[in-house]
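Colleague: All I have is the shape, not the residue letters:
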């Protein structure tokens, strides 16, 4: 029974490590994780969601219209924040590109658009956890260090068994 519980704990930990590592590997140029068509980020600045929520939104720049509330990458600030805004006007540049005018007077390329706010959902407080775990110190503390300890523990057990067989 003890071995089964230990095995389940190790499997859950490995699943956690794999998911967190994939989340970190999928960062885009704005410092936000992009998993396929979905954008995943921790909310710090959006008023529509509670602070510290983990926001998941499907990237969709095709089905937008005037009056839609949208989420977009803030390219005015080099920190890669995500802001929200309401569309005032849409100008089609070519088949792939649109220029979006927001109600606050800013112009936005469709490449910076994430999607409609109505397509986003938030998981409260999980954003804080992801923010800590995805930081350098958090990843070191919760992934690298424990994995190294387990590796050396298993290596030690292997050497003990090899000495016993001699």
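Modeller: That came in fine, so what should we check first? Everything numeric in this text was worked out from a predicted model, so none of it was measured.
Colleague: rest of the way, CA atoms for contacts and neighbours
Modeller: OK.
Colleague: Stretch 69-86 - what's its average pLDDT?
Modeller: Across stretch 69-86, the average pLDDT comes to 79.
Colleague: measure it end to end?
Modeller: Using Cα to Cα, to the nearest Å, the end-to-end distance of stretch 69-86 comes to 4 Å.
Colleague: tally of neighbours for the residue nearest to residue 25 when sequence neighbours are not counted?
Modeller: Leaving aside its sequence neighbours, residue 25 sits nearest to residue 33 (Cα to Cα, 6 or more residues apart in numbering; 7.9 Å). Neighbours of residue 33 under the rule other Cα atoms under 10 Å: 20.
Colleague: you'd agree residue 46 is in a strand?
Modeller: No: counting by DSSP: H, G, I helix; E, B strand; the rest coil, residue 46 is not part of a strand but coil.
Colleague: how many other residues sit next to it?
Modeller: Neighbours of residue 46 under the rule other Cα under 10 Å: 16.
Colleague: Could you tell me which other helices and strands the lengthiest helix in the chain packs against?
Modeller: Ranked by residue count under DSSP state H, the longest helix found in the chain is helix 2-25. The contact analysis (3 or more Cα pairs under 8 Å, 6 or more residues apart in numbering; DSSP states H and E) places helix 2-25 against strand 33-35.
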